[in-house]
Each structure stands twice: as structure tokens, then as C-alpha cells.
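Chemist: I need the structure of the sequence given here:
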Amino acid sequence: MAENKQNQEDEIDLGNLFKIIGKGIKSLFNAIGDFFLNFFHYFILLLIFLKKNILKIGLAVILGAALGYFLEYDKPEEYSSNLIVETNYNSGIQLYKQIDYLSNLVSKKDTISLAKALQISTTEASQIRTLEVMPHKAEKNLFKLYDEYLKKINDTLFTKGLEIEIFKKRLNQYDYNYQEVFIKSNSKFGFNKISMGLKILVENEYFKRNKEIRKKQLNSKLAVLQKNLIQIDSLRSLYKKVKLKEAGKPSSSTTLEISQKVVDNNINDITLFNTSNEILAEIESLNSQILRSNNILNFISNFEEAGVIDKKVMDEKYFHLAVLFGSVMLLIILLLQLNSYLSNYKK
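Modeler: As a prediction, the model looks like this:
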């Protein structure tokens, strides 16, 4: 009897649970349905609003675009070009400093100082409109910097918890190895002349001394590695001669002793072979470093001789004025409707 009563209570509890779950599911679907109904309602209200006012807003946009086009009608074409440069010896900060200096001269229209700094004619300098610099492919650039940093630092306890996002926050824009310099000008030609002037501005005596010191260090290390490689080759040749002599002469030693000597010689030869390969890999890496370190600035790609027309709709004045006029008209309509609502409002 007690058991039947317990079963009935369990069935009642399960029934209540299913009712609660059912109500919850029903409430969820009702909430989703209400959401879509409200969304559809406000979407229809938006369409009604646009239907009533699209003509006014459209006329305002057209008027703004026409005014912008008129203001820029006689404006000369702008041509753009860019170069990608690798900055060595922490010269990135000097590159940014000089670009800021040149941009300041452009904004002040100081064509004489600009021409002198870039070693171009005043006519060419007067055509320049903007000069900018930013990291080239920042994310890819970042991974390379992060990898190089971890290889340089031997203190694993210090670098173990240094995540790439933390490392990124510590970097300045000029710390990236590869930088991209952008230039806009009213002249289509003469862009590639600017790179030489920029190179002279950045490569001061401080960086030149660092380059010479680094060059001597790398060449000294290369000479040591090459000497070690020659010594290893000589030692391997000596092992081969010894093995040939031992193989050719009669010996009273046991077979076990002879086999052990052969094994030892082979082990030594394999060890020297592996060491030789390691040195060759290090020499190859050093040659790459020497090649990269020969210049303070390595121009990966230079400015093109002829620039391309810089046409970005979002940068044009007619686009800005079209958006401005359309936004102002929309604001006026909304304010008028708000005023009408407040006038007719009743508690």
C-alpha cells in the first residue's frame, strides 16, 4: 500500500515537472514570436516613414553631391604611390620622425624646405599633398617580431608567460620591421625620386656606426664558423685515412676489439657530420643576416615611376556633402515629427 502511494506521488511530481517544462517552452516560443512581430511592426513603420520622406531626403542627398562635385570640379587629379621598406638598427623611429617632419612642411606649403629635404625640385615638392607611414601587414609583421624576440631572449622564465597580445601592446608603430610609406601628389611622375631623399634623411651617422659595428660582428662570426668547418672536414678526412690503414694492416686483436674500433670511428664521423651540418645551417643564416644588415633601410618595393589616380568615393567631397545634407534633412524631419507629437500629446 505504501509502495503504491509512493509511485502515485512520483507520477504527480513528474506530471508537474512536464507541465513546468511545457509552460517554459511555450513562453520561449511566445517571446520569439513577439520579437519577430515587433520587428516586423517597426520595419513597416520604417518603410512608411521612408515612403513619406524619401523624396525630401533624396533631394537633399542629390543637392549635397552636386555641391560637392561643383566645389571639386576644378580640383587637379591626385595620384598615389607607396613603397615597402625594412627598417634595420631600430631606424623605424627615425623614419616616423622624418615623415612627420615632411608632412608638417607639406601642410605649411613650405615647398622650398620640402624640396631641400627630399632633394627634389620646388615644382615637384609643390605637387605633394600627403605623406604617411604605417606598419606593412601588421599581423604578419607582429608574428615575425614575436618569434625573433623569443629567440633573442634566453631567460625562459621571463618569456614563458609573455603572450603575443601582451607583446603587441608593448610595441609602438615604428617597432615593426616592415613599414609602408604612402604619398599623394598632383603630379603623375617623379615618385621614385622621393625614396632617395627619404633614405638620406633617415640614415644618419648614429645608424651608420651601428651598421659598421654589426657588420664586423657578423663577419667575425662567419670567419670563425668557416674555420671550424674546415677543421671538421680535415678531422673527418683523418678518420677516413685511419680507418683505411687499420683495415689494410694485419692485426692480432680480436674480432670484438676491431668491431668496437669501427663502431667508435663511425660514431665520431657521424657526430662530426651532424656538427658540420649545424655549422652550414648557421653560416646560411649568417649570410642572410649580413645581406639584410648591409643597409639601414632595405627597400623591398620602391615607389612606382608613375602614380595611380587616387579615387576613393568615401574620401571625395561630394560623398561627404551628400551624407551631410541627407543627415541634416533626416534630422529636420524627425524634429518636426517630434514637435507635432508633443503638440498633440494628451495625458
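
Chemist: Tell me where the chain has helices.
Modeler: Counting by DSSP state H, the chain has helices at residues 2-71, 92-108, 111-118, 122-127, 138-152, 156-159, 164-170, 191-202, 205-248, 255-293, 317-344.

Chemist: Redo those as TSV? Include mean neighbour count and mean pLDDT.
Modeler: All C-beta spots, glycine's among them, are computed from the backbone N, C-alpha and C. Putting these into TSV (neighbours: other Cβ atoms under 10 Å; pLDDT from 0 to 100) gives the following:
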stretch	mean neighbour count	mean pLDDT
helix 2-71	11	79
helix 92-108	17	94
helix 111-118	18	92
helix 122-127	17	91
helix 138-152	13	73
helix 156-159	9	53
helix 164-170	11	76
helix 191-202	19	88
helix 205-248	13	82
helix 255-293	12	71
helix 317-344	14	87
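
Chemist: between those, which one is nearest to S81?
Modeler: Judged by Cβ to Cβ, the one of these that comes nearest to S81 is helix 191-202, at 4.2 Å.

Chemist: Identify the residues contacting the closest one?
Modeler: For helix 191-202, the surrounding residues in contact (Cβ atoms under 8 Å, 6 or more residues apart in numbering) are 79, 81, 83, 91, 94-95, 98, 101-102, 117-120, 124, 181, 183, 185, 296-297, 299, 302-307.

Chemist: ok, the nearest residue to N228 once chain neighbours are set aside to F325 distance?
Modeler: Excluding the flanking residues, the one nearest N228 by Cβ to Cβ, 6 or more residues apart in numbering is I279, at 5.9 Å. Using Cβ to Cβ, to the nearest Å, we find I279 at a distance of 71 Å from F325.

Chemist: Any idea how many residues pack against the closest residue to I84 other than its chain neighbours?
Modeler: Nearest residue to I84 in three dimensions, chain neighbours excluded: I300, at 4.3 Å (Cβ to Cβ, 6+ apart). I300 sits with 13 neighbouring residues when counted by other Cβ atoms under 10 Å.

Chemist: what do you get for the one 4 residues further on?
Modeler: When counting by other Cβ under 10 Å, one arrives at 16 neighbours for E304.

Chemist: ok, now how distant is it from F167?
Modeler: 34 Å.

Chemist: repeat for G68
Modeler: Relative to F167, G68 is positioned 44 Å away (Cβ to Cβ).

Chemist: And for H136?
Modeler: H136 is 18 Å from F167, by Cβ to Cβ.

Chemist: who wins for proximity to Y176 among the helices of the chain?
Modeler: Among the helices of the chain, helix 138-152 sits nearest to Y176 (Cβ to Cβ), with 4.6 Å.

Chemist: Go ahead and name everything in contact with that closest one.
Modeler: 135, 159, 162, 164, 167-168, 171, 175-178.

Chemist: Which one of these is nearest to F40?
Modeler: For those, the nearest to F40 is K168 (44.2 Å; Cβ to Cβ).

Chemist: For that closest one, which non-adjacent residue is spatially closest?
Modeler: L142 is the one closest to K168 (Cβ to Cβ, 6+ apart), at 5.8 Å.
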